[in-house]
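Participant: need coordinates for the below:
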Amino acid sequence: MRKGLARVCTASVSDMAQRQERTVSNRRQYDTVSKVLIHQNPEDWLQFSLGIPEAEVIEVLETEQPTVRSNRADSFIRANVREKEVIVHLEMQTHDSREVPMPYRMAGYAGRGIESFQLPVYSHVIYLHPRAGRTDPGEYVQEMQDYEIRVRYKVIRLYDLEGSPFLEGGMKGLIPFTPLMKHPENMEPKEWIRQCVEAADSVPQDDIAKADYLADLAILGGLVFDYPTIRETIMETIMQESSVIQHFLQKGIEQGIEQGIEQGIEQGARKILIEGILENLEVRFDARNLQAVASTLEYVDDLQRLRQLRREALQTPSLEAFWQTLGLIVTTNGDDSR
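Facilitator: This is a model prediction of the structure:
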């Protein structure tokens, strides 16, 4: 439970420090959380995206395979829809796609999905941020005589959806996204996030899984709510519901709990920073085998130095140059530890 608790706080602490930057690693954090929730609860996402309750999951397909990876699509699910086998494509998008317009990207994803799986593809783009996706036409059209192409896809803006039915419906895969949806008009935002947290807390699962689940809600909710509000709400819920923490509180050793949480925060922050560094290097240099880099990063204990390395991973001209910087920081880190 303590490990999961720390992850909730980590999501707040690590991202608040970089909130103004909105770097690639920030956006990928939302993408990663979204993909995990989809892959853990594919049935919920099939029913949500298609609006077909009887749709059945056959398997969640591995998007790391070369034929799919080159387009970096988020999620492909092989499904049975009205007695027909299809591929359901879910693309999570934090903000508007600026470098490559979304219609071009979605046409590419659909084409690559058809090529790879040789099945009909139902494509969806789900926009997370309230201001994203407002001008997405939902189709790619090429109108040239004898060369017409039309690829249609469904655009889902979470902010356009009323959140209360999703809380009441108890769909585990969607509840962490409810802070991004509309709250009732007569409800204060802080009360809305509290209801979202309480709904997430009521989902039956063990303590560690529940804390991870709440952490996912915290990360996603950070797109529209300030992190202190989210952290406070989640911590209050955990403190009230956890029999383990209540036991320690009754024993009068709150300080020990705080120390354990602080240690967990630091460990969790290191994990998130290291993952961000590796993801940046992978995207920029198409470096798929970074085990040596990952192993070396484990020797860096100082969070500020890890943040420095994350910035370096975004700016370094080559992987070799990053190795040189990493070597210097690891050496300095070792000197400080003596």
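
Participant: show residues contacting the lengthiest strand in the chain.
Facilitator: Criterion DSSP state E: the longest strand present in the chain is strand 84-93. Defining contact as Cβ atoms under 8 Å, 6 or more residues apart in numbering, one finds that strand 84-93 is touched by 30-31, 34-35, 38, 45-46, 49-50, 55, 58, 61, 73-81, 102, 105-106, 109-110, 113, 117, 119-128, 132-133. Backbone N, C-alpha and C define where each C-beta goes, glycine included.

Participant: could you pull out the buried residues of that strand?
Facilitator: In terms of neighbour count (16 or more other Cβ atoms under 10 Å), strand 84-93 has its buried residues at Val86, Ile87, Val88, His89, Leu90, Glu91, Met92, Gln93.

Participant: can you list the residues that contact the helix or strand that contains Asn80?
Facilitator: Assessed by DSSP states H and E, Asn80 sits inside strand 75-81. Here strand 75-81 makes contact (Cβ under 8 Å, 6+ apart) with 35, 38-39, 42, 45-46, 50, 52, 55-61, 63, 68, 85-92, 113, 117, 119, 122.

Participant: same question for stretch 140-157.
Facilitator: Against stretch 140-157 from outside (Cβ under 8 Å, 6+ apart): 49, 103-104, 106-107, 110-111, 122-127, 130, 132-134, 136, 138-139.

Participant: what about those, which are in helices?
Facilitator: Counting by DSSP state H, the part of the contacts of stretch 140-157 found in helices is Ser49, Pro103, Tyr104, Met106, Ala107, Ala110, Gly111.

Participant: quick revisit: buried subset of the contacts of strand 84-93?
Facilitator: By 16+ other Cβ under 10 Å, those give 30-31, 34-35, 38, 45-46, 49-50, 55, 61, 73-79, 81, 102, 105-106, 109-110, 113, 117, 121-128, 132-133 as buried.

Participant: who does Glu85 bridge with?
Facilitator: Asn80 (DSSP bridges).

Participant: kindly provide the distance from it to Pro120.
Facilitator: As defined by Cβ to Cβ, to the nearest Å, Glu85 lies at a distance of 8 Å from Pro120.

Participant: follow-up on the earlier one: pull the most distant pair out of the buried residues of strand 84-93.
Facilitator: Of all pairs drawn from the buried residues of strand 84-93, the greatest distance, 21.7 Å, lies between Val86 and Gln93 (Cβ to Cβ).

Participant: please tell me I have it right and Ile274 contacts Ser295.
Facilitator: No. Using Cβ atoms under 8 Å, Ile274 makes no contact with Ser295, being 10.5 Å away.

Participant: neighbour count winner among those two?
Facilitator: Taking neighbours as other Cβ atoms under 10 Å, Ile274 and Ser295 compare with Ile274 leading, 18 against 9.

Participant: excluding chain neighbours, what is closest to that one?
Facilitator: Excluding its sequence neighbours, the residue lying closest to Ile274 (Cβ to Cβ, 6 or more residues apart in numbering) is Leu297, at 4.9 Å.

Participant: what angle separates the longest strand of the chain from strand 75-81?
Facilitator: When axes from the mean of the first three to the mean of the last three Cα atoms, to 10 degrees is applied, the directions of strand 84-93 and strand 75-81 differ by 150 degrees.

Participant: for strand 84-93, what is the distance to the chain centroid?
Facilitator: 18 Å (Cα atoms, centre = their mean, to the nearest Å).

Participant: what ranges in the stretch 101-250 of the chain fall below the confidence cut-off?
Facilitator: For the stretch 101-250 of the chain, residues meeting the criterion pLDDT under 70 lie at 207-208, 237-250.

Participant: which parts of it are helices?
Facilitator: 102-117, 164-169, 189-201, 207-221, 227-241, 243-250 (DSSP state H, counting those that start in this stretch).

Participant: for Asn289, find the nearest of these.
Facilitator: The nearest among the helices of the stretch 101-250 of the chain, by Cβ to Cβ, is helix 102-117 at 23.3 Å.

Participant: can I get the closest one in PDB? Just the C-alpha atoms.
Facilitator: C-alpha atoms of helix 102-117 as PDB (Å, rounded to 0.1, in the frame of the first residue of the first chain):
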ATOM      1  CA  MET A 102      -4.400  14.300 -37.300                       C
ATOM      2  CA  PRO A 103      -6.300  13.300 -40.500                       C
ATOM      3  CA  TYR A 104      -3.000  12.400 -42.100                       C
ATOM      4  CA  ARG A 105      -1.900  10.400 -39.000                       C
ATOM      5  CA  MET A 106      -5.200   8.600 -38.700                       C
ATOM      6  CA  ALA A 107      -5.200   7.700 -42.400                       C
ATOM      7  CA  GLY A 108      -1.800   6.300 -41.900                       C
ATOM      8  CA  TYR A 109      -2.700   4.300 -38.900                       C
ATOM      9  CA  ALA A 110      -5.800   2.800 -40.600                       C
ATOM     10  CA  GLY A 111      -3.900   1.900 -43.700                       C
ATOM     11  CA  ARG A 112      -1.100   0.300 -41.700                       C
ATOM     12  CA  GLY A 113      -3.700  -1.600 -39.600                       C
ATOM     13  CA  ILE A 114      -5.400  -2.900 -42.800                       C
ATOM     14  CA  GLU A 115      -2.000  -3.900 -44.200                       C
ATOM     15  CA  SER A 116      -0.800  -5.600 -41.000                       C
ATOM     16  CA  PHE A 117      -4.000  -7.500 -40.000                       C
END
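
Participant: sweet, I'm off.
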